[in-house]
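Enquirer: Next one to model:
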Amino acid sequence: MGTEYRNQLLLIVMVSNNDLPILYYVHDPMCSWCWGFRPVWLDLQGKLKAKVMVRYVLGGLAPDSDLPMPTGMQRTIRDTWKNIQREIPGTRFNYDFWTVCSPRRSTYPACRAIIASRMQQPEKDNEMLLAIQQAYYLNARNPSDLEVLTQVANSIGLNPELFVEDVNSEICQNLLLNELQLARNMTVNSFPSLVLSYGGIDKVIPINYNDSERTFQQIIEGTQAFHE
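Expert: The predicted structure is shown next:
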């Protein structure tokens, strides 16, 4: 697909079915709570088919940085992983990451990688998201590094040369900034977040990390309230 045509596709405004609210899933590929939430989120989406339009929005935890992550911050994130494993049984983390990698507090590269995957093959964005999460949390690889992201893109069948071109492009950066602004406009301050939107009204849906049914019921109640 030519670059001009791909860019035109990306600039098309997404228009929802007027009868269906939009459920925004605001996330970051390097958000450990998003990783813990993944099984429940997948189950929840299955229950929500034909009831809402699901739209993923990148929230961006941390901007670009080449600075090493401070030791104290590394300790805090490791402790967060342990807390997630207590709160969400069955969540897996590979703690070797903290010894074999050089961590940086920089998640924007991974966010742009999701957008670059859409630019090349729109249907690959969720596959790219999972591949980044697995590289980070299970295989102790650093998604802040372009080399790692390029290898991940190649592993899911994307053209690595085109991926590098797209991920470094101005349009990719602008699309990321647009998503970050959308998240800010919804006053989202934590990831993951669920925001139900209809007719210009936004409603934040509380997340239950272990029970999709509770969150599902709150979404259904929210959709019903929009029509009252």
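Enquirer: Going by C-alpha atoms from here, please, whenever you check contacts or count neighbours.
Expert: Will do.
Enquirer: Wait, residue 101 touches residue 139, no?
Expert: No - counting by C-alpha atoms under 8 Å, residue 101 stays clear of residue 139, with 10.9 Å between them.
Enquirer: Give me the distance between residue 63 and residue 87.
Expert: 28 Å (C-alpha to C-alpha, to the nearest Å).
Enquirer: one step back: residue 101 and residue 139 - which one has more neighbours?
Expert: Remark: of residue 101 and residue 139, residue 139 carries more neighbours, 15 against 11, as counted by other C-alpha atoms under 10 Å.
Enquirer: Show the contacting residues for the closest residue to the more buried one other than its chain neighbours.
Expert: Spatially, and ignoring its direct neighbours in sequence, residue 139 is nearest to residue 94 (6.6 Å; C-alpha to C-alpha, 6 or more residues apart in numbering). By C-alpha atoms under 8 Å, 6 or more residues apart in numbering, the contact list for residue 94 reads 137-140.
Enquirer: switch to 6 Å and redo it
Expert: 137-138, 140 (C-alpha atoms under 6 Å, 6 or more residues apart in numbering).
Enquirer: With residue 29 instead?
Expert: Listed by C-alpha under 6 Å, 6+ apart, residue 29 has no contact partners.
Enquirer: pretty sure residue 108 contacts residue 66?
Expert: No - contact criterion C-alpha atoms under 6 Å: residue 108 and residue 66 do not qualify, at 11.8 Å.
Enquirer: Residue 195 - nearest residue in space that isn't next to it in sequence?
Expert: Nearest non-adjacent residue to residue 195, counting by C-alpha to C-alpha, 6+ apart: residue 204, 4.4 Å away.
Enquirer: quick check, the one you found in a strand?
Expert: Yes - under DSSP: H, G, I helix; E, B strand; the rest coil, residue 204 falls within a strand.
Enquirer: Number of residues surrounding it?
Expert: 18.
Enquirer: Would you check the distance separating stretch 102-109 from the middle of the chain?
Expert: 15 Å (C-alpha atoms, centre = their mean, to the nearest Å).
Enquirer: Outside of that stretch itself, list whatever touches it.
Expert: With C-alpha under 6 Å, 6+ apart as the test, stretch 102-109 has contacts from 60-65, 68-69, 144.
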